[in-house]
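Enquirer: Give me the fold of what follows.
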Amino acid sequence: MAIWQGKSVRKLTGARAKSNRNKRKMEFGREPAETKIGDRKIKKIRTKGGQEKIRLTNDQKINVVDPKNNKVQVADILSVVENQANTHFVRRNIITKGAVVDTSLGKVKVTSRPGQHGIINGIIISGE
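Expert: Here you go, the predicted structure:
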C-alpha cells in the first residue's frame, strides 16, 4: 500500500469529507530513510521537476563544527546516545536531525537531515 500525503478523508467535526478529485502522483510519499551506522550507502531518488534527492541509508562519518573556533573536523560515529524523534531509534542506532551521537570527538548533536540531504553534519555539545 502506498503512503498518501493528501488531504484527510475526515472533516474537523469527524464527518466524512466528499473529495472533489482523485489522488495525484505528487501526493504520494515514501518510506523514511532511517539512516544507520555503517559503511556509506546512498540512494538517489528522482523528485518532482526531474531533480534528485540523495537519501543516506548508512554512514559512519560526521562533519563536526566546534563553535569555539569555528573549525570543521570529520569524526567517526560510535553510537546514538539520544534521539527525540523516537526513543526506539537509540537502540536501533538510527540517526535523524536533532539526534545526539557519540563520536571520537565527544557528544555531537546532528543539525542536518541525513535522509533528505545525504550527509551528516553536527555541532559539538559543550558542557558535557
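
Enquirer: partner strands of the helix or strand where Leu78 lies, parallel or antiparallel?
Expert: Here Leu78 sits within strand 71-82, counting by DSSP states H and E. Its sheet considered, strand 71-82 pairs with strand 61-66 (antiparallel), strand 100-103 (antiparallel) by DSSP bridges.

Enquirer: Just the buried residues of the last one, please?
Expert: Neighbour counts over strand 100-103 (16 or more other CB atoms under 10 Å) mark Val100, Val101, Asp102, Thr103 as buried. Heads up, the C-betas are built off the backbone N, CA and C, glycines and all.

Enquirer: Residues contacting that strand, please?
Expert: 62, 64, 75-83, 95, 107-110, 122, 125 (CB atoms under 8 Å, 6 or more residues apart in numbering).

Enquirer: Go again with 6 Å.
Expert: Residues outside strand 100-103 that contact it (CB atoms under 6 Å, 6 or more residues apart in numbering): Ala75, Ile77, Leu78, Ser79, Val80, Val81, Glu82, Lys107, Val108, Lys109.

Enquirer: any weak-confidence spans in this structure?
Expert: Within the chain, the set of residues satisfying pLDDT under 70 comprises 127-128.

Enquirer: May I have the phi/psi pair for Lys53?
Expert: With angles defined as degrees, to the nearest 10, Lys53 sits at phi -120, psi 130.
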